[in-house]
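>>> The sequence and its predicted three-dimensional model are supplied below.
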Amino acid sequence: MTEDKVLYRVRFISQDKVYEIYAREVYQGDLYGFVVIEDLVFDTNKTVVVDPGEEKLKTEFEGVTQTIIPMHSIIRIDEVEKRGTAKVVELKGNVAQFPSPIYTPGRTPES
């Protein structure tokens, strides 16, 4: 892993869970309202101590070259200096995200 490459931490909501993943490429997709995430970065060290949460994510995204996420599911995208631990956290409480339209066309003039 080269240290001069840009690294992003992406947090998004999916199925009542908050995902935090790291990737080298994040951009707006050709399909309006979607964010493309490519070149996911996971821990590659072969140590005795293994984080089960990150291993689960690694397995979930195994073989994925690109994931496309709806813009309204994105919580935050940060450019970071070094990779942290990828994780999935359960959303708690009784407040849920209500899907909202990205684009609402204006009214047409009345004839």
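Received, thanks. Numbering: from 1, shown residues only.

>>> What helix or strand is residue 20 located in?
strand 17-28 (DSSP states H and E).

>>> So what touches that strand?
5-13, 34-42, 57, 61, 71, 75, 77, 80, 83-84, 86-91 (C-beta atoms under 8 Å, 6 or more residues apart in numbering). In this view, the C-beta of every residue, glycine as well, is placed from N, C-alpha and C.

>>> secondary structure class for residue 76?
Three-state call for residue 76 (DSSP: H, G, I helix; E, B strand; the rest coil): strand.

>>> ugh, wrong one, I meant residue 55
Put simply, residue 55 is helix when judged by three-state DSSP.

>>> what about it, distance to residue 61?
11 Å (C-beta to C-beta, to the nearest Å).

>>> Looking at these two, which is more packed in?
residue 61 (17 against 13; other C-beta atoms under 10 Å).

>>> quick one: that one and residue 88 touch, right?
No: counting by C-beta atoms under 8 Å, residue 61 stays clear of residue 88, with 11.0 Å between them.

>>> where in this protein is pLDDT low?
Applying pLDDT under 70 to the chain flags the ranges 1-4, 44-50, 94-111.

>>> Give me the neighbour count for the residue lying closest to residue 29 once chain neighbours are set aside.
Closest residue to residue 29 apart from its sequence neighbours, by C-beta to C-beta, 6 or more residues apart in numbering: residue 36 at 4.3 Å. Residue 36: 16 surrounding residues under other C-beta under 10 Å.

>>> For residue 85, see how far away residue 36 is.
23 Å.

>>> quick one: secondary structure of the most centrally placed residue in the chain?
By C-alpha atoms, centre = their mean, the chain has its centre lying nearest to residue 10, at 4.2 Å. At residue 10 the chain is in strand, as set by three-state DSSP.

>>> what bridges to it?
Taking DSSP bridges as the rule, residue 10 bridges to residue 21, residue 77.

>>> quick thing: my sequence starts at 17, can you match it?
Renumbered: residue one is now 17, and that last one reads residue 26.

>>> Tell me if I'm right that it and residue 53 touch.
Yes: between residue 26 and residue 53 there is a contact under C-beta under 8 Å: 5.8 Å.
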